[in-house]
Each structure stands twice: as structure tokens, then as C-alpha cells.
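S.K.: what's the 3D shape of this:
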Amino acid sequence: MILGILSAVLFVLVSAVFVTRRLPAGSPVKKVAHLIHKPLGYALVALVALHLALTLKLFHQRPLAVYLLGFGMLACALVCCLSNTLFKKARNGLLIHRIATLSMALMLVAHVAICITSFSEYKQEVAAISIGQTDVTALADGIYEGDCDVGYIYAKVRVTVNDGEIASIDLLEHRNERGAAGEGVLERIVQEQTVCVDAVSGATNSSRVIEKAVENALKSQPHS
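M.R.: Model (predicted):
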């Protein structure tokens, strides 16, 4: 997220040169804007590429449109930096440069809007999670599997029930950002023999998703 914000700020600084066009030729602001335009443009390409590379591990936890727009913005930034080299006529290069800048601006707005919307939906899904009481003593011995997916966080578990008790819980998959500590709820569930346990401090959302995955598992049909 921090790299994304920095990329947006850098784009605004790079684009400032267009705002200074009508300033007098000797304006210090105009001189500075033109001086930093090119180096900041290359820095923007590097930052956008780094941001994409570091967030690819979250590919399954984000809307596909976010990544498509990200690659689109990277392509536009590259075109802006190479427009004078790619197009021999200065007028054509400047036109392509402006079109690419405008396209990147529109993609940036769409990118931010989708991110905000998807994050809001994720928060709503987490808030809507309710954990009910499950009578483990009434369950048949066996292995139960279940999962819970709220977009930004996903958990899949395998629960072993033996003699009316939760014997063990294996975490098969847990996609999260900073909620690894939430995996501690599994030990609490086994100790207290109930899905309704206190969430791990600092990883509340991951804790709730894992608990729900366990509840969903216990509601499924056991494997032999």
C-alpha cells in the first residue's frame, strides 16, 4: 500500500510539468518542474515495477482488474519515458507522451477506486462472519475439511474428530497479509473443544476467518 501511495504522489509530481506550461519562461517553478520531470519519470517506472513485483504474491487475494490496471500504468509510464526515442518526429513523440500520461491518470483513478471498493467489501464480509456453537460430541469420527474466503484472507483446514473430540486441526492453506499470528486460534480451539474462542490480538480478521473455516469443516461430511 505504501509503495502504491508513493507511486501516486510521484505521478502527480511528474505531471506537474503540464500545469506549469502557461507560466513565464523564467519562472523558477517552471524551471524546477522541467528539471525534475525526466528523472522522476524514470523513478516512477522503477517504483511501479517494484510495486507490481512485490504484490504479485497477493494475486489471488486481489481483483484481477487491479493487476491489469497496474501493468497498464507501467506500460504507459514506459511509453512516456521512451516517446522521444520511439518516435523520430518531436511533435508525434509529444502527442504520444500526452496521450500516455492521460491514459495513466485515468488508470490510476480506476485502480484506486477498485482498491477502495474491494477493501470495503472485504471489511463487510469479515464483519458478517458469525461463529455458531457446534456440538462436537455428536459428530462421527473422521476427517473434516472446510474453508472460508473473504477475498483478502483465505483459510482451509482439516479437522480430525476422534471419540467426540477435536483431536487435531491442520491448516492446509492460509492466505493473509499480516495475519499469520491468527493461526494461534487453532491451538485454542483444540484446547477448549469449541470453535468460539477469543481471537488472537493483532490478527482478529485472520482469526475469525480460520474459526469460520473450522466451523464449515465440522458442518461438512467426514472423509473416511
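S.K.: Which of the three states applies to the residue lying closest to residue 218 once chain neighbours are set aside?
M.R.: Nearest non-adjacent residue to residue 218, counting by CB to CB, 6 or more residues apart in numbering: residue 134, 4.8 Å away. Yep, even glycine has a C-beta here, placed from its N, CA and C like the rest. Reduced to three states with DSSP: H, G, I helix; E, B strand; the rest coil, the structure at residue 134 is coil.
S.K.: Wait, residue 134 touches residue 220, no?
M.R.: No - contact between residue 134 and residue 220 fails when scored by CB atoms under 8 Å: they sit 11.4 Å apart.
S.K.: More neighbours: the two, which one.
M.R.: It is residue 134, of residue 134 and residue 220, that has more neighbours when counted by other CB atoms under 10 Å, with 18 against 12.
S.K.: List the residues that contact that one.
M.R.: Residue 134 makes contacts with 194, 195, 215, 218, 219, as judged by CB atoms under 8 Å, 6 or more residues apart in numbering.
S.K.: Output the longest helix belonging to this protein.
M.R.: Secondary structure of the chain read by DSSP state H shows that its longest helix is helix 90-127.
S.K.: How about that helix, which residues are buried there?
M.R.: Neighbour counts over helix 90-127 (16 or more other CB atoms under 10 Å) mark 93, 96-97, 100-101, 103-104, 107-108, 110-111, 114-115, 118, 122, 125-126 as buried.
S.K.: quick one: residue 5 from residue 11, how far?
M.R.: Spatial separation of residue 5 from residue 11 under the definition CB to CB, to the nearest Å is 11 Å.
S.K.: who has more neighbours, those two?
M.R.: Residue environment comparison for residue 5 versus residue 11 gives the larger neighbour count to residue 11, 22 against 11, counting by other CB under 10 Å.
S.K.: dump the residue contacts of residue 207.
M.R.: Neighbours of residue 207 in contact, by CB under 8 Å, 6+ apart: 179, 182, 184, 185, 199, 200.
S.K.: Kindly reformat the residues you listed as CSV and extend each row with neighbour count and secondary structure.
M.R.: Listed next are these as CSV, based on neighbours: other CB atoms under 10 Å; DSSP: H, G, I helix; E, B strand; the rest coil:
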residue, neighbour count, secondary structure
179, 22, coil
182, 25, helix
184, 18, helix
185, 23, helix
199, 19, coil
200, 19, coil
